[in-house]
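S.K.: Take this sequence and fold it.
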Amino acid sequence: MGDTGRGGEAGAGSAAARLQQLFEGRRLTPTQRRIAHSMVRRAADVPFLSSVELAELAGVSQPSVTRFAVALGFDGYPALRKHLREVAPADGTAGAAASYNEYQQAVLGEMENLRHLAELLADPAPVERAGALLASSPVLPVLGLRAASSQARGFAYFAAKVHPDVRLLDEGGSMLADRIDAARRAGAGVLLCFALPRHPREVVDALAYAREQGLTVITVADSAFAPVAAHSDLLIPAAVGTGLAFDTACAPMLLGRVLLEAMCDGLPDAQARLEEFDVRAGLRGLFVE
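M.R.: Purely as a prediction, here's the structure:
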């Protein structure tokens with residue numbers, strides 16, 4: 001793997017920074033992200049590569065490169081390459097970001113997502129409302145499929161320590177509606193959903209069904225304009241990072257922990273349950289001290 005574009009050539013760092021800006025906030029497929037990642041790694045050379053050469057560099061097909069250029073808003077790859085050549089000369093003012101490689105830039109992007117989340121939480125009312133609703137539901141189904149399954153599972157794991165009946169819904173299929181029905185019959189009034197890109201159609205359908213059954217839907221999503229927004233009673237956004245081949249979801253995870261805190265505030269016996277668990281864990285020697 002070549003190292004061009006990682007400080008070996010003058011201007012390579014600033015070229016990588018400009019490419020990152022071009023890709024920032026774009027909703028790209030995994031194949032398209034692979035192309036973007038390859039372009040950042042060879043930032044100084046990319047303006048002079050043909051679509052076939054770029055395809056070989058990224059290990060994808062030439063039509064994939066064309067579709068990638070269109071996804072960025074260009075008529076085709078020649079238009080994208082022309083744009084890259086026009087902005088290629090370094091102006092010496094790219095700023096501190098020019099000195100960071102793509103891995104560091106991904107971390108910095110997540111830090112920015114967390115900063116935005118902190119600004120959002122300056123108004124605690126939505127989270128407090130969500131926490132009260134979660135605490136009020138005798139049975140709490142927590143939905144998260146595919147990329148969001150780990151977020152749902154993490155929330156459900158901790159929530160079960162303080163909530164009497166948490167039901168994790170992390171598998172799709174024809175039984176998903178059955179499990180929503182079962183939770184509703186058992187007394188559920190609220191469903192919590194973690195919805196991250198790429199958004200499965202099953203999640204959208206499941207939320208629509210849950211609302212039809214009378215459940216209040218609270219959603220943690222990557223954007224207020226996510227496809228699940230139309231089927232959510234309360235949506236709280238937390239952006240995902242898009243700087244690597246696969247999304248990073250530090251902000252949604254942290255928002256899930258914030259919701260846990262808000263839910264605990266609405267459960268009068270939450271602290272007692274936690275203390276009871278600690279006692280039992282000590283008697284069982286559950287954790288290594």
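
S.K.: quick one: the nearest residue to residue 52 once chain neighbours are set aside from residue 209, how far?
M.R.: In space, and not counting its chain neighbours, residue 52 is closest to residue 62: 5.4 Å by CB to CB, 6 or more residues apart in numbering. Using the backbone N, CA and C atoms, a C-beta is placed for each residue, glycine as well. Counting by CB to CB, to the nearest Å, the gap from residue 62 to residue 209 is 42 Å.

S.K.: just residue 128 next, same as before
M.R.: 27 Å.

S.K.: So for the two, which sits in the more crowded spot?
M.R.: A side-by-side neighbour count of residue 128 and residue 209, using other CB atoms under 10 Å, places residue 209 first with 16 against 13.

S.K.: Need the nearest residue in space to that one, chain neighbours excluded.
M.R.: Nearest in space to residue 209, with sequence neighbours left out and distances taken as CB to CB, 6+ apart, is residue 177 at 5.5 Å.

S.K.: packing partners for the helix or strand harbouring the one you found?
M.R.: Per DSSP states H and E: residue 177 is located in helix 175-185. For helix 175-185, the packing partners by 3 or more CB pairs under 8 Å, 6 or more residues apart in numbering; DSSP states H and E come out as strand 140-143, strand 166-169, helix 201-212.

S.K.: Can you tell me which of the ones you listed is most buried?
M.R.: strand 140-143 (a mean of 28; mean count of other CB atoms under 10 Å).

S.K.: Can you give the contact residues for the next helix or strand after that one?
M.R.: Following strand 140-143 in sequence order, the next helix or strand is helix 149-159 (DSSP H and E). Here helix 149-159 makes contact (CB atoms under 8 Å, 6 or more residues apart in numbering) with 134, 140, 142-144, 166-170, 192-194, 196, 220, 249, 252-253, 256-257, 259-260, 263.

S.K.: at 10 Å instead, please
M.R.: Contact with helix 149-159 is made by 134, 140-145, 163, 165-172, 192-196, 220, 238, 249, 252-253, 255-257, 259-260, 263-264, 267, as judged by CB atoms under 10 Å, 6 or more residues apart in numbering.

S.K.: swap in stretch 267-275?
M.R.: 131, 134-136, 159-164, 260-261, 263-264, 276.
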